[in-house]
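1. 3D, please:
(one chain, ligands or ions: 1)
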Amino acid sequence: MVPYAGRHMLEELIRREFNRWAEEGRGRGMEKSHWEITRQMIDLMKVDSHDNIVDLGCGVGWATRVLAQKAPSGLVLGIDLSDRMILEARSGYRNPPNALFLVADASRIPCEEGLFNSLLSVESIYYYPDLEGAFAEVFRILRPGGKAFFLVNYYKGNVYGHRWAKYIDIPVHLLGAEDYIALLARAGFRSASHRRISNSTPIPEDWTPTQWFSTRQDQAKFQAEGALLLEAEK
Ligand SMILES: C[S@@+](CC[C@H](N)C(=O)[O-])C[C@H]1O[C@@H](n2cnc3c(N)ncnc32)[C@H](O)[C@@H]1O
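-> Numbering: from 1, shown residues only. Predicted structure coming up:
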């Protein structure tokens, strides 16, 4: 874990990086690449129409909006460290009235404890400078019996997803399922489990190499290995 003295500087670097992504339109692009795995996670969440839900590291808020439609009598709060992502989430879309957005770091969520039934986080936790603090904060804001669902494509078990980290200028955590489970237990969750979610999105015939995958076969293996889903209950 990063020492406290460096945390605020790291947060600023992360904010700058994701503000740049937002300005380049990459916030919107992530809906396409993350939808297939997120859709499967949302099915597992069994959202009730009255649920209060957090989307942690929400980017431009596409998953926040999906959840807000599934819980029309609850509140869905999208939180992100990047003010540009939140600006776009608020002003770039027609938002359901029960979808709200806040700029905050995951380890300092400005909400009372026990307010939320569930929390989802898509491709975000491995950036957190204070991951332990973030898990403790997620535990604090959930109701007893509330559940957190974290989805990550960057983790020890899927080597085909490791290449992209070379191309990003901010530090990222490369943890395995058991490392995450131990951190969730330490944060107080009474149970935590993990599973894989594979991605069946067809790979186009006219595929060309990207920063992420040098061969089409690597992308296919990455998708088949799947994302890591962590589920924790308070
Ligand atoms: C790869 S993007 C994923 C965004 C969104 N979940 C999606 O799937 O489109 C990671 C997001 O996590 C946010 N993030 C990174 N570190 C954060 C932190 N410490 N607290 C809150 N958000 C953070 C970034 O600003 C960015 O929007």
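2. hey, let's count contacts and neighbours off CA atoms from now on
-> Noted.
3. And the average pLDDT for whatever helix or strand residue 17 lives in is what?
-> Using DSSP states H and E, residue 17 sits within helix 4-23. In this model, helix 4-23 has a mean pLDDT of 89.
4. Repeat that for stretch 78-85.
-> Averaging the model's pLDDT scores along stretch 78-85 yields 98.
5. Quick one: check it for contact with the ligand.
-> Yes: Stretch 78-85 lies within reach of the ligand by Cα under 6 Å from any ligand atom, at 80, 81, 82.
6. Report the backbone C-alpha coordinates of the helix holding residue 17 in PDB.
-> Output in PDB follows, covering the C-alpha atoms of helix 4-23 (Å, rounded to 0.1, in the frame of the first residue of the first chain):
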ATOM      1  CA  TYR A   4      -0.300   8.300   3.400                       C
ATOM      2  CA  ALA A   5       2.300  11.100   2.700                       C
ATOM      3  CA  GLY A   6       2.200  10.200  -1.000                       C
ATOM      4  CA  ARG A   7      -1.500   9.500  -1.300                       C
ATOM      5  CA  HIS A   8      -2.700  13.000  -2.200                       C
ATOM      6  CA  MET A   9      -0.100  13.400  -4.900                       C
ATOM      7  CA  LEU A  10      -1.100  10.000  -6.400                       C
ATOM      8  CA  GLU A  11      -4.700  11.000  -6.300                       C
ATOM      9  CA  GLU A  12      -3.800  14.200  -8.200                       C
ATOM     10  CA  LEU A  13      -1.900  12.100 -10.800                       C
ATOM     11  CA  ILE A  14      -4.900   9.700 -11.200                       C
ATOM     12  CA  ARG A  15      -7.300  12.600 -11.500                       C
ATOM     13  CA  ARG A  16      -5.100  14.200 -14.200                       C
ATOM     14  CA  GLU A  17      -4.900  10.900 -16.100                       C
ATOM     15  CA  PHE A  18      -8.600  10.300 -16.100                       C
ATOM     16  CA  ASN A  19      -9.500  13.900 -16.900                       C
ATOM     17  CA  ARG A  20      -7.400  13.400 -20.000                       C
ATOM     18  CA  TRP A  21      -9.200  10.200 -20.800                       C
ATOM     19  CA  ALA A  22     -12.500  12.100 -20.500                       C
ATOM     20  CA  GLU A  23     -11.300  14.900 -22.700                       C
END
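7. This structure: helices as residue ranges?
-> For the chain, helices defined by DSSP state H occupy the ranges 4-23, 26-45, 62-70, 83-91, 131-141, 177-186, 216-225.
8. any chance of these in TSV, with mean neighbour count too?
-> Putting these into TSV (neighbours: other Cα atoms under 10 Å) gives the following:
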stretch	mean neighbour count
helix 4-23	16
helix 26-45	16
helix 62-70	23
helix 83-91	21
helix 131-141	21
helix 177-186	17
helix 216-225	18
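9. Of all these, which one comes closest to residue 112?
-> helix 131-141 (6.4 Å; Cα to Cα).
10. neighbouring contacts of that closest one?
-> Helix 131-141 is contacted from outside by 1, 106-109, 111-116, 119, 125, 128, 148, 183-184, 187-189, 234, using Cα atoms under 8 Å, 6 or more residues apart in numbering.
11. Identify the spatial nearest neighbour of residue 63, chain neighbours not counted.
-> What sits nearest to residue 63 in space, not counting adjacent residues and going by Cα to Cα, 6 or more residues apart in numbering, is residue 55, at 7.2 Å.
12. May I have the distance across stretch 200-220, first residue to last?
-> Its first and final residues considered, stretch 200-220 spans 9 Å by Cα to Cα, to the nearest Å.
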